[in-house]
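A.B. asks: Sequence first, predicted model second:
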Amino acid sequence: MTQSTANVWMHIGAGSFHRAHQAWYLHRLLQQGDERWHIALGNIRQDADALLNQLAAQNGEYTLETVTPKGERRYERITSIKKILPWDSQLSALIAQGSDATTKVIAFTVTEGGYYLDPDHQLDPRHPDIQADINGEARTLYGALTRILLARMAAEGEPVTLLNCDNLRHNGERFRHGFLTFLRLRGEEALLNWVTHQTRSPNTMVDRITPRPTTDIAPRVKQATGFDDAVPVMAEAFIQWVIEDDFIAGRPALEKVEVELVDSVLPWEEAKIRILNASHSCIAWAGTLLGQSFIHQSTRTPAIKQLAWDYVTEDVIPSLSPSPLDLPAYRDQVLDRFANPWIEDTNQRVAADGLSKIPGFITPTLVESWQRGEIPRATAVLPALFYLFLQRWHLGELPYRYQDGVMDEMSLHHLLAADNALAEFAADPALFGPLASHAQFAALLQQTVDRLQQWIAQPQLVSE
């Protein structure tokens, strides 16, 4: 592929979301004639090899298909990825690029579970992946960055921004705290000092619904553009990116492509995580329990939409008020986006990683509602749905394979098989933090599960 002397935005995480979001913004800068930045894309694990090889064969170019709720499709050839970093067990290409002086930003999308944080947002040193990386492996982002930044430090490299682009509350701060903790556990005192003074980790908020690519996208791309694309990606038309403007080594002129550069992302972040992300999971778990496959199908089921609407209206909006955002309008916009039938986003994709989403997206609203003196009945529906969803998984009755990056399958099966499974679930501090010892919460969850079991048994619910 063509090499360039431009500044490099190295991205770790070769999933669809990066290609539909961050790469799209940098592509727009190129379209404006600003060629000062390009992307080098790689992955920590071998599971993206086929994608990276196909991208390399297309010189990093691919087609992004976007679709509006009215079914209006648009096709763009994205050209911002100029270098593919092939995977090997030593992460040689990532290390070489990350230690190169032209690399000014190292960004990453590794999912919420990829940070291995406990309910208090501290790094969980007991996790086997973290233990392996403390002992020198590179299974996680922390282990990979340690190798990359050790090489950068040895090369007397310049400062670099470490940019978290995942749906994680206070994502820059929490990644940074986890990474510095990891370096202390590794005994990497020199690198710890270097990272502390030579890197920044601004918080960000990212938003664009991006389903897993399906086989019908490539034929549409070929028909619309004539390009026989092996790795197209599809997303909704809506997109948003809010970033705290704290880059230590320069950045692209992102404000020219409608990225919001702010002092604090907190209001946007909280609204997005609690209203969009949590409602998304609510709809996916409920839809799965009613035998549905797609998010739009479940959102268009009035009884499911009502669960999400009640959760936001009764508990989230009071928790986030006052806000610079119009929260009721944002709620309605989010539910309209979820109802887009052209996206065909699956309940399977959105239902994933619930063990990280409960503490990250949902428990804060439960806690704050009680702190206000309110009983969070509408919010309790979400962990109750997830519990019933997990019971289906435990019994082998889900219609698809459930994926969860932090799941210990044996321990979870053991918990769900217990006579007092719901009580043990409610008492799990990893999920519910201070509520794990809260008798009122356990009682509320029991009542909510009982009510939902009767709700699920009503066949008329699935009529749109």
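C.D. replies: Done, it's in.
A.B. asks: Relative to A23, how far out is the nearest residue to E424 once chain neighbours are set aside?
C.D. replies: Nearest residue to E424 in three dimensions, chain neighbours excluded: L415, at 5.2 Å (CB to CB, 6 or more residues apart in numbering). All C-beta spots, glycine's among them, are computed from the backbone N, C-alpha and C. Per CB to CB, to the nearest Å, L415 is found 40 Å from A23.
A.B. asks: count of neighbours near the residue nearest to E424?
C.D. replies: For L415, the number of neighbouring residues by other CB atoms under 10 Å comes to 17.
A.B. asks: hang on, it in a strand?
C.D. replies: No - going by DSSP: H, G, I helix; E, B strand; the rest coil, the assignment for L415 is helix, not a strand.
A.B. asks: got the contact list for it?
C.D. replies: 421, 424-425, 428 (CB atoms under 8 Å, 6 or more residues apart in numbering).
A.B. asks: Of those residues, which is the nearest to A107?
C.D. replies: D428 (32.4 Å; CB to CB).
A.B. asks: How about that closest one, nearest residue that isn't a chain neighbour?
C.D. replies: The shortest distance from D428 to any non-neighbouring residue, by CB to CB, 6+ apart, is to A436 (6.0 Å).
A.B. asks: so the one you found touches F425, yeah?
C.D. replies: No - shown here, A436 and F425 do not form a contact pair, counting by CB atoms under 8 Å, at 9.8 Å.
A.B. asks: ok, those two, which is more surrounded?
C.D. replies: Higher neighbour count among A436 and F425: F425, with 25 against 17, using other CB under 10 Å.
A.B. asks: residues touching that one, list them.
C.D. replies: Contacts for F425 were tallied using CB under 8 Å, 6+ apart; they are 387, 390, 415-416, 431, 445.
A.B. asks: From the chain's centroid, how far away is the host helix or strand of it?
C.D. replies: Taking DSSP states H and E as the criterion, F425 maps to helix 421-426. On the basis of CA atoms, centre = their mean, to the nearest Å, helix 421-426 sits 27 Å off its chain's mean C-alpha point.
A.B. asks: tell me the mean pLDDT for it?
C.D. replies: Helix 421-426 shows a mean pLDDT of 98.
A.B. asks: And the residue nearest to D428, what's its pLDDT?
C.D. replies: 97.
A.B. asks: List the buried residues of the helix or strand containing A443.
C.D. replies: Using DSSP H and E, A443 sits within helix 439-456. Counting neighbours by 16 or more other CB atoms under 10 Å, one finds that the buried residues in helix 439-456 are 441-442, 444-445, 448-449, 452, 455.
A.B. asks: repeat for stretch 281-291
C.D. replies: The neighbour-count check on stretch 281-291 (16+ other CB under 10 Å) flags 281-290 as buried.
A.B. asks: now do stretch 344-359
C.D. replies: Per 16+ other CB under 10 Å, stretch 344-359 contains these buried residues: 344-359.
A.B. asks: Mind checking which of these are in helices?
C.D. replies: 347-351, 354-357 (DSSP state H).
A.B. asks: Tell me the buried residues within the contacts of L415.
C.D. replies: Buried among the contacts of L415 (16+ other CB under 10 Å): 421, 425, 428.
A.B. asks: so how many other residues sit close to the closest residue to L185 other than its chain neighbours?
C.D. replies: In this structure, L185 finds its nearest non-sequential neighbour in I134, 5.2 Å apart by CB to CB, 6+ apart. Residues within reach of I134, counting by other CB under 10 Å, total 17.
A.B. asks: Contacts only, for I134.
C.D. replies: Contacts of I134 (CB under 8 Å, 6+ apart): 125, 182, 185-186.
A.B. asks: I'd assumed D419 was in a helix, is it?
C.D. replies: No - going by three-state DSSP, the assignment for D419 is coil, not a helix.
A.B. asks: Output the contacts of L415 in JSON lines, with distance to L117 appended to each entry.
C.D. replies: What follows is the contacts of L415, written out as JSON lines (distance: CB to CB, whole Å):
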{"residue": "A421", "distance to L117": "25"}
{"residue": "E424", "distance to L117": "22"}
{"residue": "F425", "distance to L117": "20"}
{"residue": "D428", "distance to L117": "15"}
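A.B. asks: ok, back up a step: could you tell me which of the buried residues of stretch 281-291 belong to helices?
C.D. replies: Going by DSSP H, the helices hold 281-289 from the buried residues of stretch 281-291.
A.B. asks: rewinding a little: may I ask which of the contacts of I134 has the most neighbours?
C.D. replies: If you count neighbours using other CB under 10 Å, the busiest of the contacts of I134 is F182, which has 23 neighbours.
A.B. asks: which element is it on?
C.D. replies: Using DSSP H and E, F182 sits in helix 171-186.
A.B. asks: what residues does that helix touch?
C.D. replies: Contacts for helix 171-186 (CB under 8 Å, 6+ apart): 115-117, 121-123, 125, 130, 133-134, 141-143, 145-146, 162-165, 168, 191-192, 195-196, 201-204, 244, 269.
A.B. asks: Next up, the contacts around the nearest residue to P324 once chain neighbours are set aside.
C.D. replies: Among residues not flanking P324 along the chain, P267 sits closest, at 5.3 Å (CB to CB, 6+ apart). By CB under 8 Å, 6+ apart, the residues touching P267 are 320, 323-325.
A.B. asks: Can you give me the distance of P267 to R274?
C.D. replies: Distance of P267 to R274, given as CB to CB: 11 Å.
A.B. asks: Need the overlap of contacts for the two.
C.D. replies: The contact lists of P267 and R274 share L320, where a contact means CB under 8 Å, 6+ apart.
A.B. asks: Buried residues, the helix or strand hosting the residue nearest to P324. List them.
C.D. replies: Per DSSP H and E: P267 is located in helix 266-271. For helix 266-271, burial by neighbour count (16+ other CB under 10 Å) applies to 266-271.
A.B. asks: Next: stretch 327-339.
C.D. replies: So for stretch 327-339, counting by 16+ other CB under 10 Å, buried means 327, 330-331, 334-335, 337-339.
A.B. asks: hmm, who's touching it?
C.D. replies: Contacts to stretch 327-339, defined as CB under 8 Å, 6+ apart, come from residues 69, 209, 236, 238, 271, 275-276, 279-280, 283, 295-296, 299-300, 305, 308-309, 312-313, 316-317, 320-321.
A.B. asks: Check stretch 340-351 too.
C.D. replies: By CB under 8 Å, 6+ apart, the list of residues contacting stretch 340-351 reads 67-69, 71, 73, 209, 211-212, 214, 234-236, 280-281, 283-285, 287-288, 292-296, 298, 300, 389, 400-402.
A.B. asks: Same check on stretch 243-250?
C.D. replies: Contacts of stretch 243-250 from elsewhere in the structure, counted by CB under 8 Å, 6+ apart, are 7, 104-105, 158-161, 163, 172, 198-200, 202-205, 251, 254, 259-265.
A.B. asks: Might you report the residue contacts of D133?
C.D. replies: D133 makes contact with 139-140, 142-143, 146, 182, 186, according to CB under 8 Å, 6+ apart.
A.B. asks: which SSE is it in?
C.D. replies: Secondary structure (DSSP H and E) places D133 in helix 128-134.
A.B. asks: avg pLDDT for that helix?
C.D. replies: On average, helix 128-134 scores 97.
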